[in-house]
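[1] okay, here's the prediction I keep looking at, along with the sequence it came from:
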Amino acid sequence: MIQIRRADERGHADHGWLNTYHTFSFSDYHDPKFMGFRSLRVINEDWVKPGHGFPTHPHRDMEIITYVLEGSLEHKDSMGTGSVIRPGEIQKMSAGTGIRHSEFNHSKSEPVHLLQIWILPQEDGIKPMYEQKAVPAEEKQGKLRLIASPAGSNEAVTIYQDMKLYATALDAPQSVQHELGQERYAWVQVARGKVKVNGNELYAGDGAALAAEPKVEIAGLDGNSEVLLFDLA
């Protein structure tokens, strides 16, 4: 079974400095039919204007992933971390017992375009942690590149939940397949371009929930597609 979430059906807010679309209920946007999917709680697609960003604010008991598509995002937090996140990288922050952080557009002239993703942790009260890893373009071109998992690695950030996150970049007619284990679910989020997922055409901003499907098949339909695949318990 596949349930498609079209880009133009998402929640939307334009704050002037921030243009944001919510795949699931978030902030002032509430849709009881879209409160998340399995442990996946938030996918926000954000465009932040130059010189603007999210002032220091608190979080706890949430796994927060940042995936930058264009531009660069400057991060600071109460653990003393200071970094800049760019395309070709993944950032993960385990809020755990509590953390304060800020994110600002690192550029004074160009917008930053990113996906902010929240995953519910398997348990509350873990020690706050920060990770940032490179994801070279050639490692996700025409293949599924693991970028987050419970085990972590030199290449993938550690997520405190039974889920794995993959990234892929596809040119037509490239395609990838991912076998889903028994009682496993998948969410596919199209970051850019146009693809076919198990026979369904999806475009930038679209998402799809897959349940009781033996595998996920993603085929590129144009020359510049990028997709995130969540394998969820």
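    Alright, I've got the coordinates. Numbers count the residues shown, from 1 in each chain.
[2] give me the neighbour count for L120.
    Residues within reach of L120, counting by other Cβ atoms under 10 Å, total 17. From N, CA and C alone the C-beta is placed, and that goes for glycine too.
[3] that one contacts F37, correct?
    No: contact criterion Cβ atoms under 8 Å: L120 and F37 do not qualify, at 10.8 Å.
[4] and the residue nearest the centre of the chain, what helix or strand is that in?
    The centroid of the chain falls nearest to I117 when counting by Cα atoms, centre = their mean (4.4 Å). When elements are defined using DSSP states H and E, I117 is found to belong to strand 112-119.
[5] so which residues make contact with that strand?
    For strand 112-119, contacts defined as Cβ atoms under 8 Å, 6 or more residues apart in numbering pick out 39-48, 62-73, 85, 105-106, 159, 161, 163, 165, 189, 191, 228.
[6] from M35, how far off is the residue lying closest to H22 once chain neighbours are set aside?
    Distances taken as Cβ to Cβ, 6 or more residues apart in numbering place G11 nearest to H22, at 3.7 Å, with adjacent residues excluded. Distance, G11 to M35, by Cβ to Cβ, to the nearest Å: 12 Å.
[7] equivalent analysis for M93, please.
    If you measure M93 against M35 using Cβ to Cβ, the figure is 22 Å.
[8] ok, those two, which is more surrounded?
    Taking M93 and M35 together and counting by other Cβ under 10 Å, M93 has the greater number of neighbours (23 against 11).
[9] if you drop the residues flanking it in sequence, what lies closest to that one?
    Setting aside the residues directly before and after it, M93 is nearest to I64 in space (Cβ to Cβ, 6+ apart), at 4.6 Å.
[10] give me every residue that touches that neighbour.
    Remark: with contacts taken as Cβ under 8 Å, 6+ apart, I64 is in contact with K92, M93, S94, A95, Q116, I117, W118, I119.
[11] all helices of the chain, in order?
    Ranges of helices in the chain, per DSSP state H, are 137-140.
[12] in it, where is pLDDT below threshold?
    Of all residues in the chain, none has pLDDT under 70.
[13] try 90 this time
    Within the chain, the stretches falling below the threshold (pLDDT under 90) are 152-154, 222-223.
[14] give me every residue that touches R145.
    V135, E139, E155, Y166, A167, T168.
[15] next step: the residues you listed restricted to strands.
    The members of those that map onto strands under DSSP state E are Y166, A167, T168.
[16] can I get the residues you listed in TSV with distance to S78?
    Formatted as TSV, the ones in strands among the contacts of R145 follow (distance: Cβ to Cβ, whole Å):
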residue	distance to S78
Y166	31
A167	28
T168	34
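[17] nearest to F26 among those?
    A167 (22.2 Å; Cβ to Cβ).
[18] that closest one: neighbouring residues, count only.
    21.
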